[in-house]
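A.B. asks: please work out how this folds:
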Amino acid sequence: RRSENPFVSVRTEGGLLPPEVLQRIAEASEGNLDGLSPSSYRLQKGERLKEAISRGWSRLTGSWAAFKSAREKLPESEAGTTLTRERWLLPLFAELGYGRLPASRGVEVGGVPFPVSHVWQNSPIHLVSFRVDIDKKLPGAAGTARSSPHSLVQQLLNRSDLHLWGFVSNGLFLRLLRDNASLSRQAFVEFDLVSMMEEERFSDFCLLWLLCHQTRVEAEKPEECWLEVWTKAAREEGRRALDGLRDGVEKAIEILGAGFPSHPGNTGLREALRSGSLGKDDYYRQLLRLVYRLLFLLVAEDRELLLLPEASALARERYQRFYSLARLRRLAG
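C.D. replies: Alright, predicted model coming up:
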């Protein structure tokens, strides 16, 4: 089955929160995941989530328009940090339940300083100018001189036992980060704020509100917050899926392993197995490779990654109908 990200302005990397989990959060149904009730977001009795989100959206559209106008007029000589924070990011986090974010002098972990701009309880929130690339360091700029804004927050989360989740934003993009054991692969959920606001993608804003709200990181212990609960649920579902895949691979090897020798046309295979020129272990490895090739192609087809991007609609239809593994799957069904 196709696993797609239904959110145009949202990107998830490193398996932190897969698209399927984001979709369930966006649906805001309590039967989907725990922690999606109005009371868990500290709403007043009788108040609905969509009502609160709609009010926030209405106020922030005005803030975005003012921020956009101001940044277009800002002289090149000015950094734009205060403008980005005051006109846009602080109002955004206020609508997410954080109130007026307290400025921070930075966090020190093991004698190493991390000059993040704000901290809310156990969550570092690093807000930089719209002129700063989240992934690039900028010598001479506050909070970006030694490392990129993203790296600064990620290293803080990785080093500190007290900080598990954090945010980084330049006003154009906002990323949600978590303590990440992998040093070679980034893991985050990113919101393209320009696309979201300019193209009025309210459904994407709903996900941002539900995922980044203050109540999602609020807990006596960081590992007890709702974001962590959801991440653990995603991991558990992934483990169950892998267990199911493992069983399917085993069954496929058994069926194909018995099926190929029994086919009337496979005289050569039967003779090779009988004479020992093809050992059982080698035959098993060939079957295993075949099964994983099939899995690779099935995933590539489902995610529309197999054909060239410039392939015509006719070529795509012809492949799907006559040559694809999806066709074999339909026939088997």
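
A.B. asks: for this structure, just list every one of the strands.
C.D. replies: In the chain, strands defined by DSSP state E lie at 10-13, 107-109, 112-114, 118-120, 123-127, 165-169, 173-178, 188-192, listed in chain order.

A.B. asks: JSON lines for these, including mean pLDDT?
C.D. replies: Shown next, in JSON lines, are the strands of the chain (pLDDT from 0 to 100):
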{"stretch": "strand 10-13", "mean pLDDT": "91"}
{"stretch": "strand 107-109", "mean pLDDT": "90"}
{"stretch": "strand 112-114", "mean pLDDT": "91"}
{"stretch": "strand 118-120", "mean pLDDT": "94"}
{"stretch": "strand 123-127", "mean pLDDT": "95"}
{"stretch": "strand 165-169", "mean pLDDT": "96"}
{"stretch": "strand 173-178", "mean pLDDT": "96"}
{"stretch": "strand 188-192", "mean pLDDT": "96"}
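
A.B. asks: between the ones you listed, which gets nearest to Ser54?
C.D. replies: Closest to Ser54 of those, according to Cβ to Cβ: strand 188-192, at 17.9 Å. The C-beta positions use only the backbone N, C-alpha and C, and glycine is treated the same way.

A.B. asks: what stretches of the stretch 101-250 of the chain score poorly on pLDDT?
C.D. replies: For the stretch 101-250 of the chain, the stretches flagged by pLDDT under 70 are 140-145, 183-184, 241.

A.B. asks: which parts of it are helices?
C.D. replies: Under the criterion DSSP state H, counting those that start in this stretch, the stretch 101-250 of the chain carries helices at the ranges 149-159, 193-198, 202-212, 226-262.

A.B. asks: residues making contact with the shortest one?
C.D. replies: Defining contact as Cβ atoms under 8 Å, 6 or more residues apart in numbering, one finds that helix 193-198 is touched by 8-9, 60-61, 64, 169, 171-174, 201, 204-205, 208.

A.B. asks: so what's the residue count around Val10?
C.D. replies: Neighbour count for Val10, taken as other Cβ atoms under 10 Å: 23.

A.B. asks: show me what it is bridged to.
C.D. replies: Phe191 (DSSP bridges).

A.B. asks: what sits against it?
C.D. replies: By Cβ under 8 Å, 6+ apart, the residues touching Val10 are Leu22, Val189, Glu190, Phe191, Asp192, Asp204, Leu207, Leu208.

A.B. asks: leaving out sequence neighbours, find the closest residue to the last one.
C.D. replies: I take that to be Leu208. Spatial nearest neighbour of Leu208, excluding adjacent residues (Cβ to Cβ, 6 or more residues apart in numbering): Phe191 at 5.1 Å.

A.B. asks: how much space between the one you found and Ser39?
C.D. replies: If you measure Phe191 against Ser39 using Cβ to Cβ, to the nearest Å, the figure is 25 Å.

A.B. asks: chain center to stretch 68-82, what's the gap?
C.D. replies: Counting by Cα atoms, centre = their mean, to the nearest Å, stretch 68-82 is centred 30 Å from the centre of its parent chain.

A.B. asks: now it: buried residues?
C.D. replies: By neighbour count with 16 or more other Cβ atoms under 10 Å, stretch 68-82 contains the buried residues Lys68, Ala70, Arg71, Leu74, Ala79, Gly80, Thr81.

A.B. asks: ok, now which ones touch the first one?
C.D. replies: By Cβ under 8 Å, 6+ apart, the contact list for Lys68 is empty.

A.B. asks: okay but Val207 is in contact with Ser9, surely?
C.D. replies: No, residue 207 isn't Val; it's Leu. No: counting by Cβ atoms under 8 Å, Leu207 stays clear of Ser9, with 9.3 Å between them.

A.B. asks: contacting residues for Leu90?
C.D. replies: Leu90 makes contact with Arg100, Leu101, Leu127, according to Cβ under 8 Å, 6+ apart.

A.B. asks: which members of these are classed as buried?
C.D. replies: Here, 16+ other Cβ under 10 Å leaves Leu101, Leu127 buried among the contacts of Leu90.

A.B. asks: with distance to Arg285 added, can I get the contacts of Leu90 in CSV?
C.D. replies: As requested, the contacts of Leu90 are exported to CSV (distance: Cβ to Cβ, whole Å):
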residue, distance to Arg285
Arg100, 63
Leu101, 57
Leu127, 54
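
A.B. asks: which of the contacts of Leu90 lies closest to Arg318?
C.D. replies: The nearest member of the contacts of Leu90 to Arg318, counting by Cβ to Cβ, is Leu127 at 50.9 Å.

A.B. asks: identify the bridge partners of that closest one.
C.D. replies: Ser169.
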